[in-house]
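**Student:** the sequence and its predicted three-dimensional model are supplied below.
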Amino acid sequence: MDPWHGHYSSRAAGMVASEVRALFAVASRPEIVSLAGGMPYVSALPLDQVGQLMAELIGQRGAVALQYGSAQGDLGLRERICEVMALEGIDAGPEDVVVTVGSQQALDLLARVFVDPGDVVLVEAPTYVTAIATFAGYQAELVHVPLDDSGLVPQALAEALGRLAAAGRKVKLLYTVPTFQNPAGVTLSAARRAEVLEICRRFNVLVVEDNPYGLLCFDGEPVPAMRAGVTDGQVVYLGSFSKTLAPGLRVGWALAPPAVRDRLVLAAESAMLSHSVLTQLVVERYLATQPWPEQVKVFRELYRERRDAMLAALAAHMPAGVTWTRPAGGFFVWATLPDGLDAKAMLPRAIGARVAYVPGTGFFADGGGRANLRLSYCLPPADRIAEGVARLGEVVTAELEL
Ligand code: PMP
């Protein structure tokens, strides 16, 4: 019996372990092909060079690298972050960037700064699993807005906002992953980006654009971010080095209008006092001295090959009635089972057949997603992906015969 039962805040009482995290322990057994995790393939990095860079930093600038730093983040790094954002069409100055512990911390800080219990946060259906946990942890009510192959559906967004306004609800944020969405793999079209921004302006709702995958595009140039060309403070943009460098460094950022930025910095101070200066400087030095664009290209090619392997295997092995998205970048395919099948109930049988995925329900706050599964192609090599999808195809086929 927990002696502190009854002492916890109402916030903490509502916290539950993520289904997805629980699954990772099982999925990491070597005999299982895991199509579950969203872990980047960090082995493709020049690890020796990163190690050398870190040793040099501590040897030459250790008194700075190992000291406390500012809660807004290292200025040199923020300048480099602006160069990175320019690759997706964003023109911004380092004064408006707040470095965060991955973009995950930016979500937490935004929730602290904007969400009172009972406020509405709009999210895509489906949406990023840990964003659900974060906003729900601050007692927001999450309202899903449907997406299709071209991303969030503007008409549905306008209808939801109209309904909520009529009910007198306070809608604080629209949280969206417009490019290579996690988990659906879809990208919001350029025309819809403008529409979504316009609708949010009309209803006075701040857009949070979370874009960790934008540079991992497989066909052509990166899509301009929603924040590109937006100077009226309508968008807070979140970026991360987790997928283009390494998640273990825990370096991400928020680009925010000045008043929001100031509050994020205050919230960051109370959350953690200061960032790790060391990992910020590692990223800064890496960007300054290593061929990072080439590294991003290596990741793109690697993930493109794995995506192709997954799409080919799905076409070869899935029974009729199963559908899936065709991502143009990022890490994820979102599959839909025929009517009557339940991806969550099927999971133990898939594990038994030595393949793992994430059931769709984890990406909904309202019990949706029963027929869906998220399949990630980022970590296993192409031949393992093909093997995993073949096993999954057999499981789904058997399920249809039950
Ligand atoms: N947002 C999205 C959409 C993600 O997929 C992830 C990582 N899976 C994150 C945020 C958090 O990433 P990080 O904190 O490592 O930057």
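**Tutor:** Sure, I can see it. Numbering: from 1, shown residues only.
**Student:** surely Val208 is in a strand?
**Tutor:** Yes: assessed with DSSP: H, G, I helix; E, B strand; the rest coil, Val208 lies in a strand.
**Student:** let the chain start at 11 from now.
**Tutor:** I'll keep to 11 as the first residue from here, and by that count the last item is Val218.
**Student:** from Val133, how far off is it?
**Tutor:** 10 Å (C-beta to C-beta, to the nearest Å). Every residue, glycine included, has its C-beta placed from N, CA and C.
**Student:** identify the contacts common to the two.
**Tutor:** 184-186 (C-beta atoms under 8 Å, 6 or more residues apart in numbering).
**Student:** can you list the residues you listed in JSON lines and add secondary structure, neighbour count and pLDDT?
**Tutor:** Shown next, in JSON lines, are those (DSSP: H, G, I helix; E, B strand; the rest coil; neighbours: other C-beta atoms under 10 Å; pLDDT from 0 to 100):
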{"residue": "Leu184", "secondary structure": "strand", "neighbour count": "27", "pLDDT": "98"}
{"residue": "Tyr185", "secondary structure": "strand", "neighbour count": "27", "pLDDT": "98"}
{"residue": "Thr186", "secondary structure": "strand", "neighbour count": "29", "pLDDT": "98"}
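**Student:** contacting the ligand as well, which ones from those residues?
**Tutor:** Filtering those for neighbours of the ligand using C-beta under 6 Å from any ligand atom leaves an empty set.
**Student:** between the residues you listed, which is nearest Arg122?
**Tutor:** Closest approach to Arg122 among the shared contacts of Val218 and Val133 (C-beta to C-beta): Tyr185, at 14.4 Å.
**Student:** ok, the closest one touching Asp220?
**Tutor:** Yes: here Tyr185 reaches Asp220: they are 6.8 Å apart, a contact under C-beta atoms under 8 Å.
**Student:** show me whatever sits in contact with both of the two.
**Tutor:** By C-beta under 8 Å, 6+ apart, the residues touching both Tyr185 and Asp220 are 117, 141.
**Student:** in the stretch 61-210 of the chain, what residue lies closest to the ligand?
**Tutor:** Nearest residue of the stretch 61-210 of the chain to the ligand, counting by C-beta to the nearest ligand atom: Gly112, 2.2 Å away.
**Student:** what's opposite the residue lying closest to that residue once chain neighbours are set aside in the beta bridge?
**Tutor:** Nearest residue to Gly112, sequence neighbours excluded (C-beta to C-beta, 6 or more residues apart in numbering): Gly262, at 4.4 Å. Applying DSSP bridges to Gly262 gives these bridge partners: Thr110, Ser250.
**Student:** quick one: Gly262 from Ser252, how far?
**Tutor:** For Gly262 relative to Ser252 (C-beta to C-beta), the value is 7 Å.
**Student:** shared neighbours of these two, anything?
**Tutor:** 112-113, 222.
**Student:** ok, and the most crowded of the residues you listed?
**Tutor:** Pro222 (27 neighbours; other C-beta atoms under 10 Å).
**Student:** just checking, that one touches Gly249?
**Tutor:** Yes: using C-beta under 8 Å, Pro222 is in contact with Gly249, at 7.1 Å.
**Student:** quick one: contacts for the nearest residue to Val293 once chain neighbours are set aside?
**Tutor:** Closest residue to Val293 apart from its sequence neighbours, by C-beta to C-beta, 6+ apart: Val261 at 4.9 Å. Counting by C-beta under 8 Å, 6+ apart, Val261 makes contact with 87, 109, 111-112, 250-252, 255, 289-290, 293.
**Student:** before we move on, the earlier item: against Arg21, how distant is the residue nearest to Gly112?
**Tutor:** The value you get for Gly262 to Arg21, if C-beta to C-beta is used, is 23 Å.
**Student:** and the two? Which one has more around it.
**Tutor:** A direct count of neighbours by other C-beta under 10 Å for Gly262 and Arg21 places Gly262 higher, at 24 against 12.
**Student:** look up the pLDDT of that one for me, please.
**Tutor:** Note on Gly262: pLDDT of 98.
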